[in-house]
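> I would like the atomic coordinates for the input below:
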Amino acid sequence: MAAAFGFALIAVFVMGYALGVAVGVAFAALIALPPWRRLQRLLPLDLSFSVFLMFIAWAWLSTIWSPYDNSGQALRMATGAFLYPLFVYAVWSLRGKARRIVMLTALVSGSAMALPYLLEGFTGIISHFFASGADRDDYLRDATRGVSAIIMALPPLAVLWMKLQPGWRGRVAAGLLVVVAAIISWQFHLFAGLVALGAGGFFFALGYRWPRSTILMITLAYLTMLLLAPLLLPNLVAPLDGDNLPFSWAWRVKMWPYTGAQIGMHPFIGWGLDASRTFTHDVFKMHGYTLNYLSYHPHDFGLQVWLETGLVGALILGMAILLFGLRLAGISSLTHPQGAAIAGSAAVYLVFFSVTYGAWQEWLWASVAWVAALCILAGPEPRDRS
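Residues are numbered from 1 along each chain as shown. The predicted model follows:
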């Protein structure tokens, strides 16, 4: 029942305060923690996770030369790296009736997450409760995170509908979730969400037909996005005319080549963790505004990893991604629907990592664990560690 409460709590955070998803997943991990005799089965740690912890250690070490004084980010990353996977393991450990109760809770709570966003999108009634314009803007900004989280969870939720409600009713319910996600993405001007929906749907279909090959294909896409980011993105957007693009994209046309130039100054070990926050001296004018070339982060995961942890960090993290992708593709009990859920969600995350969110945002890391737990429920009941 603890895991069921955890899924319901996470859904509440997605609906009301998406930044709190990190708190929800951490709390769910603690209350659903399996007994020590089961936790011992995690030892020795999976190789991909061990390499990922090496990346966390390198990022923490980089705070020594980072121009940003606040080292709290490294501690939060390390805490999340240990806590969030425990929720995934707790869900993996479920068997029989307990597993089915958690599946139903996850499905019902997950399907209800879009309701407040539909209400706000059609009526604007929720944002009217915020007195000041700044508070309203903060709510709407957080709402885009909540909508993003819904899209991230959509592939395994669709599989759960078809699993628990076989036949046309399950397919219709899954289709309605997709339609609702598209509507709220449009209402909140989250155009990256619409792209993510398209990518997720495409790879969901591929994953359903060829689950292992599609997971490997997505793994290759992540490695390309990470390892080649300094070469691809700055050169891709440099020829574009930002005046003819929406404001946020015009900003990226300036931001990504600038970030690439900064990477070139410290290509091997990077500027240090959270250094992105310190580039406040270089500005430009656009649409009547004076803007920083780099605002908090480059809005691309690969560029931020290179900028702050350098080639060393990119190679360590790339190795962790490769090992994890190979492990997922090699799961002996992997089914076609579960492969579709994994591939679809991975594609959604790839879009958001590439153009929207910062690399170290706790709510985003926590959401990965939450969606991974949903993907476990979308598959068969596990029989061993694989």
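
> all strands of the stretch 201-350 of the chain, in order?
283-286, 289-292 (DSSP state E, counting those that start in this stretch).

> so what strands line up beside the first one?
Partner strands and pairing direction for strand 283-286 (DSSP bridges) are strand 289-292 (antiparallel).

> Please save the CA atoms from the partner strand in CSV.
Output of strand 289-292 as CSV, limited to C-alpha atoms (Å, rounded to 0.1, in the frame of the first residue of the first chain):
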residue,chain,number,x,y,z
TYR,A,289,15.0,43.3,-24.3
THR,A,290,18.5,43.1,-22.9
LEU,A,291,19.2,39.4,-22.3
ASN,A,292,22.0,37.1,-21.1
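
> Pull the distance from it to the chain's centre.
Averaged C-alpha coordinates place strand 289-292 at 28 Å from its chain's average position (C-alpha atoms, centre = their mean, to the nearest Å).

> Low-confidence ranges, the stretch 1-150 of the chain, go.
Scanning the stretch 1-150 of the chain for pLDDT under 70 picks out the ranges 71, 131-134.

> Near L220, how many other residues are there?
Residues lying near L220 (other C-beta atoms under 10 Å) number 13. Every residue, glycine included, has its C-beta placed from N, CA and C.

> hmm, I was thinking of V25
30.

> got it, and the one 3 residues further on?
By the measure other C-beta under 10 Å, the count of residues near A28 is 29.

> Quick check: chain neighbours aside, which residue is closest to it?
Distances taken as C-beta to C-beta, 6 or more residues apart in numbering put G6 closest to A28, at 2.6 Å, once the chain neighbours are dropped.

> which element is that neighbour on?
For G6, the host element (DSSP states H and E) is helix 2-16.

> Which residues are in contact with the closest residue to T219 other than its chain neighbours?
Nearest residue to T219, sequence neighbours excluded (C-beta to C-beta, 6+ apart): G325, at 2.8 Å. G325 makes contact with I215, L216, I218, T219, Y222, according to C-beta atoms under 8 Å, 6 or more residues apart in numbering.

> now, which of those residues lie within helices?
I215, L216, I218, T219, Y222 (DSSP state H).

> What's the separation between the closest residue in space to G272 that isn't next to it in sequence and G207?
Leaving out its chain neighbours, the residue that sits closest to G272 by C-beta to C-beta, 6+ apart is S66, at 2.5 Å. In this view, S66 and G207 are 39 Å apart by C-beta to C-beta, to the nearest Å.

> Ok, V253 next?
Counting by C-beta to C-beta - V253 and G207 are separated by 33 Å.

> Tell me which of these two has more neighbours.
A side-by-side neighbour count of V253 and G207, using other C-beta under 10 Å, places G207 first with 30 against 20.

> which residues sit in contact with that one?
Applying C-beta under 8 Å, 6+ apart, we find G207 in contact with T214, I215, H336, G339, A340, A341, I342, A343, G344.

> Now the host helix or strand of Y84 - C-alpha only, CSV.
According to DSSP H and E, Y84 maps onto helix 72-92. Extracted in CSV, the C-alpha atoms of helix 72-92 (Å, rounded to 0.1, in the frame of the first residue of the first chain):
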residue,chain,number,x,y,z
GLY,A,72,24.3,22.3,-2.7
GLN,A,73,23.5,21.1,-6.2
ALA,A,74,26.1,18.3,-5.9
LEU,A,75,24.6,17.0,-2.6
ARG,A,76,21.1,17.1,-4.1
MET,A,77,22.3,15.1,-7.1
ALA,A,78,24.0,12.5,-5.0
THR,A,79,20.9,12.2,-2.7
GLY,A,80,18.6,11.8,-5.6
ALA,A,81,20.9,9.3,-7.3
PHE,A,82,20.5,7.0,-4.2
LEU,A,83,16.9,7.7,-3.2
TYR,A,84,15.0,7.8,-6.5
PRO,A,85,16.1,4.3,-7.7
LEU,A,86,14.9,2.9,-4.4
PHE,A,87,11.3,3.7,-5.4
VAL,A,88,11.9,1.9,-8.7
TYR,A,89,13.2,-1.1,-6.8
ALA,A,90,10.3,-1.0,-4.4
VAL,A,91,7.8,-1.2,-7.3
TRP,A,92,9.9,-4.0,-9.0
